[in-house]
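**Student:** Pasted the sequence and its predicted model underneath.
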Amino acid sequence: MPTYLFLFISAIYFAAMPNSSQDKLILFINESNPKIEQKHINKISKLAEELNVELIKINVENGAPKEVTTTPSIFFQNENGRSRYYGRYTNSSRIKNFIRTSKLAHKKEGKTRVEHVLRWESERAELIVPVKITELTGEVPNEYEQEKFFHKAVKALDVGMKEFELEEVYQSPKSAKTFYINIYPFLSASKNLCLTAEIFSQYNCIKPIFTKTDTTISEGSWDTFSKVFAEAGETLQTEILRQIDESKIGDAFSPISNNINIKSWESLDLTIKSSIDSRSEEITMNDFSFGKKWKVKKRSNIDEPIIIFSFLSPVDNYAGEVKALTGTLELDNIPSMNGAKGIFKVDISDVTMGSEDFDYEVHNKMLNMSIFPDASFEFTSITGADGNLEIGKIDNMDVQGKFGMLGINTNVYVDTQIQPIVDDNELLLKVNCTFQLPLFEKFKVEGPDGPSPAKDILQFYMQFYMEQVN
């Protein structure tokens, strides 16, 4: 498996947003075949209450939107949009991360181009299975070529997986479920072709849900190559279908029948209603002292994340958060951002994926926290900041700077919005930023299993407030 720095990273979102009365967590279940146990529903309900989010439970037997293809399914909705949860419904920590992330930015549905996958379809549900076959080991035949070996093996695997169809190229919808198969072929001392294998859930590419590496899953003579892979396919298909039906860790699901009525979100009283930020037009910059030096303002709720992050689609379910950000901003031409300088830092120890096994991988194996305890961003130039800042007005600018991590610095361009606001008679700067980080190219850190460039790039969304330094 690759390393999983999918962690300082999956898309960093610097957050400090109040809860909205429109915040809703929507749980779709099929009461006749729920898959999700009541104890997990209770945990989700408790979590929603803790985060001041309204939990809405909908039985799909009475109808469901077309985007809902399996149960249980979880969505978050607020005035800014709606997002689908990609994770195990048994993992309340990941659901908590999902809610916090979605409050800041909603992920687009869209489709993802995938190659050489096995696809299963049942009613409204789709499942895709990417296959990884490592190079043959042992006394490799002279005529062996990995690419030809792979294509022949996948076709033979498909013969055994009779309920799946091999797709050489496929546009996979975001609603599709995914399991990953890794097959490890080798030639034994007796010249037999032997296969061992693992299956991974799309929700955890560290710990397999099925493994048979101590003994072979299938073996036979080199002349029975296709039969060996077909037999492996039968075993792997049986295990995948068993996981769909019986998994107790959150991978089981029930396809929604085509006979279920399609209902709009609006008909379910889930219309997205935009809220308008009202500001007093009578307040101007002249009413406040506008200083030269600023710092990141601490939030009153220290449990709220400062940073939330994720990889690109279709592996954007790997997301996490950071609860602390420090930084300073110094203006050169008050009240303009032109010529401003700034530096911001986060402690790696504050990075969390909402799961202890992920966090251990990130802190100790990917980010080498004991040697490189923080990551930083420092301005080098700003464009588009020629005008003066005004209360309530959003100024868009491009900030170029150096992002430092693992002892390596790389240039990053940050799309930035600055908006002076007044809160409790205090002048603040509301900052929104987005940028992408080429994780593998610059830092040689591999992301989760999935297609490139999605697994190699981290996207960041940041929102925080700055206060004046007295």
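**Tutor:** Great, that's in hand. Numbering: from 1, shown residues only.
**Student:** I'd guessed N258 sits against R124; true?
**Tutor:** Yes. The criterion here is CB atoms under 8 Å, and N258 meets it with R124 at 6.3 Å. To be clear about C-beta, it is placed using only N, CA and C from the backbone, and glycine gets the same treatment.
**Student:** Comparing those two, which shows the higher neighbour count?
**Tutor:** The neighbour comparison of N258 against R124 (other CB atoms under 10 Å) goes to R124, with 19 against 9.
**Student:** Could you report the distance from that one to F253?
**Tutor:** Per CB to CB, to the nearest Å, R124 is found 11 Å from F253.
**Student:** Overlap of the contact sets of the two?
**Tutor:** Counting by CB atoms under 8 Å, 6 or more residues apart in numbering, the shared contacts of R124 and F253 are T70.
**Student:** The nearest residue to N333 once chain neighbours are set aside: neighbour count?
**Tutor:** Closest residue to N333 apart from its sequence neighbours, by CB to CB, 6 or more residues apart in numbering: G339 at 5.5 Å. By other CB under 10 Å, the residues close to G339 number 13.
**Student:** So G339 sits against E330, correct?
**Tutor:** No. Using CB under 8 Å as the test, G339 is too far from E330 to be in contact (9.4 Å).
**Student:** Any stretches of the stretch 151-300 of the chain with poor pLDDT?
**Tutor:** By pLDDT under 70, the weakly predicted segments of the stretch 151-300 of the chain are 274-285.
**Student:** where exactly do the strands run in it?
**Tutor:** 165-173, 177-187, 192-201, 210-212, 218-221, 254-255, 293-296 (DSSP state E, counting those that start in this stretch).
**Student:** what about the third one, distance to the chain center?
**Tutor:** Strand 192-201 sits 27 Å away from the centroid of its parent chain (CA atoms, centre = their mean, to the nearest Å).
**Student:** same thing with the first one?
**Tutor:** The chain centroid and the centroid of strand 165-173 are separated by 22 Å, computed with CA atoms, centre = their mean.
**Student:** Please name every helix or strand in contact with that strand.
**Tutor:** Strand 165-173 sits against strand 111-122, strand 125-133, helix 146-160, with contacts defined as 3 or more CB pairs under 8 Å, 6 or more residues apart in numbering; DSSP states H and E.
**Student:** and the lengthiest strand in the chain, average pLDDT?
**Tutor:** In the chain, with assignment by DSSP state E, the single longest strand is strand 408-423. For strand 408-423, mean pLDDT is 88.
**Student:** Quick check: buried residues in it?
**Tutor:** Buried residues in strand 408-423, counting neighbours by 16 or more other CB atoms under 10 Å, are found at V412, V414, D415, T416, I418, Q419, P420.
**Student:** I'd like these written out as JSON lines, with distance to T70 added.
**Tutor:** Shown next, in JSON lines, are the buried residues of strand 408-423 (distance: CB to CB, whole Å):
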{"residue": "V412", "distance to T70": "38"}
{"residue": "V414", "distance to T70": "37"}
{"residue": "D415", "distance to T70": "35"}
{"residue": "T416", "distance to T70": "39"}
{"residue": "I418", "distance to T70": "42"}
{"residue": "Q419", "distance to T70": "40"}
{"residue": "P420", "distance to T70": "46"}
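**Student:** hmm, back to that, got a markdown table for the strands of the stretch 151-300 of the chain, with mean neighbour count and distance to T380 too?
**Tutor:** Listed next are those as a markdown table, based on neighbours: other CB atoms under 10 Å; distance: least, CB to CB, whole Å:
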| stretch | mean neighbour count | distance to T380 |
| --- | --- | --- |
| strand 165-173 | 15 | 39 |
| strand 177-187 | 21 | 40 |
| strand 192-201 | 21 | 41 |
| strand 210-212 | 17 | 48 |
| strand 218-221 | 18 | 57 |
| strand 254-255 | 20 | 52 |
| strand 293-296 | 18 | 18 |
